[in-house]
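In: Structure for the following, please:
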Amino acid sequence: MFRIAIPSYERLDVLSEKTLFFLEINKIKSDRIDIFLGSIEEKEEYEKILGDFNYIIHEQKGIGSIRNYIRHHYKYKTDEKYVLYLDDDIEAISFKNEDEEENFDLDEFCMSMFKKSEEKSVSLWGLCPYENKYFLSDKITCDNRFIVGCFCGEVIRRDRPDIYTCFDHHEDTQFSLEYFLRDGGVLRDNSKGII
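Out: I've put the predicted structure just below:
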C-alpha cells in the first residue's frame, strides 16, 4: 500500500475536477490521500467543498520548499515506505499500447513500480514526461532520465542521505539528478506518459 501526496494552492476546483477525479475513477480511496496546503484558512476552504481528506498544513512558500517539506514529512514523521507524489491537475495517463490502457489498474501499476525500484535499489520512479504516443517506447529504464515531478513515486530510504531541492522551478530536474547520483539510477516506465 502507498500514500498519495498532493500539494495544492488556491486550486480547489482544479484539484476536484482533475486529480481527485482521476484517482476516483481509478478506484483509489480518499483515506490514502494527503492534501498539503499552506494555511489553516485554505484547509477550511478545501474542507467545505471536498469534505473529509487528510489535510496537512506546510506553511511554506514556493513549490521547491513545499516538495522539500513533503519529503521530510514522510521520511521523519511517518513510517510510510511508499509515496506517490501527484500535482493537483492530473487528468490521465497516456499509453503507448492501447490494449494496456483498457486493463490498466493504477494501484497495481504503482505497486509494481515500487517493487521494481526496490529490486534495483533505487528510490525514485516515474513516467515519460510526454503525452504524445510518438515519444513513448516499450522500455522501463534505470539510467539517468528525467522524472517529471507531477507524477512520481518514492521508496522512502531512511538509511540514505536526504535529498532536497534549492529551486522553485525545474525542481524535478534537480530531484531526478540527485536521486540518480545517490542511488545509481532512477526508474522510468517509458510506455506511459502524463496528461
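
In: Identify the residues contacting the helix or strand of the chain with the lowest mean pLDDT?
Out: Every helix and strand in the chain was compared by mean pLDDT, DSSP states H and E; the lowest is helix 98-102, with a mean of 86. Residues from elsewhere that reach helix 98-102, judged by C-beta atoms under 8 Å, 6 or more residues apart in numbering: Phe95, Ser191. No exception for glycine: its C-beta is placed from N, CA and C like everyone else's.

In: again, only this time at 10 Å
Out: Contacts with helix 98-102, where a contact means C-beta atoms under 10 Å, 6 or more residues apart in numbering, come from Ala92, Ile93, Ser94, Phe95, Phe109, Lys133, Asp138, Ser191, Lys192.

In: Next up, the contacts around Arg32.
Out: Met1, Phe2, Arg3, Ile4, Leu23, Phe53, Asn54, Leu84, Asp107.

In: same deal with Tyr69?
Out: Contact partners of Tyr69, counting by C-beta under 10 Å, 6+ apart, are Pro7, Phe36, Ile56, Ile57, His58, Glu59, Gln60, Tyr164.

In: Weed out the non-buried ones from those.
Out: The neighbour-count test (16 or more other C-beta atoms under 10 Å) marks Pro7, Phe36, Ile56, His58, Gln60 as buried among the contacts of Tyr69.

In: ok so, going back, quick one: which of the contacts of Arg32 is most hemmed in?
Out: Leu84 (23 neighbours; other C-beta atoms under 10 Å).

In: wait, isn't Thr165 in contact with Phe175?
Out: Yes: counting by C-beta atoms under 10 Å, Phe175 is a contact partner of Thr165 at 6.0 Å.

In: who touches both of those two?
Out: Common neighbours of Thr165 and Phe175 (C-beta under 10 Å, 6+ apart) are Gly64, Arg67, Asn68, Arg71, Gly149.

In: out of the residues you listed, who's nearest Asp13?
Out: Of all the shared contacts of Thr165 and Phe175, Gly149 has the smallest distance to Asp13: 21.7 Å, by C-beta to C-beta.

In: Ala5 falls within a strand, correct?
Out: Yes: under DSSP: H, G, I helix; E, B strand; the rest coil, Ala5 falls within a strand.

In: I'd say it and Phe53 touch.
Out: No: contact criterion C-beta under 10 Å: Ala5 and Phe53 do not qualify, at 11.7 Å.

In: Any chance of JSON lines for the shared contacts of Thr165 and Phe175, columns distance to Asp159, pLDDT and neighbour count?
Out: Below are the shared contacts of Thr165 and Phe175 laid out as JSON lines (distance: C-beta to C-beta, whole Å; pLDDT from 0 to 100; neighbours: other C-beta atoms under 10 Å):
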{"residue": "Gly64", "distance to Asp159": "25", "pLDDT": "93", "neighbour count": "20"}
{"residue": "Arg67", "distance to Asp159": "21", "pLDDT": "97", "neighbour count": "25"}
{"residue": "Asn68", "distance to Asp159": "20", "pLDDT": "97", "neighbour count": "20"}
{"residue": "Arg71", "distance to Asp159": "15", "pLDDT": "97", "neighbour count": "20"}
{"residue": "Gly149", "distance to Asp159": "24", "pLDDT": "95", "neighbour count": "22"}
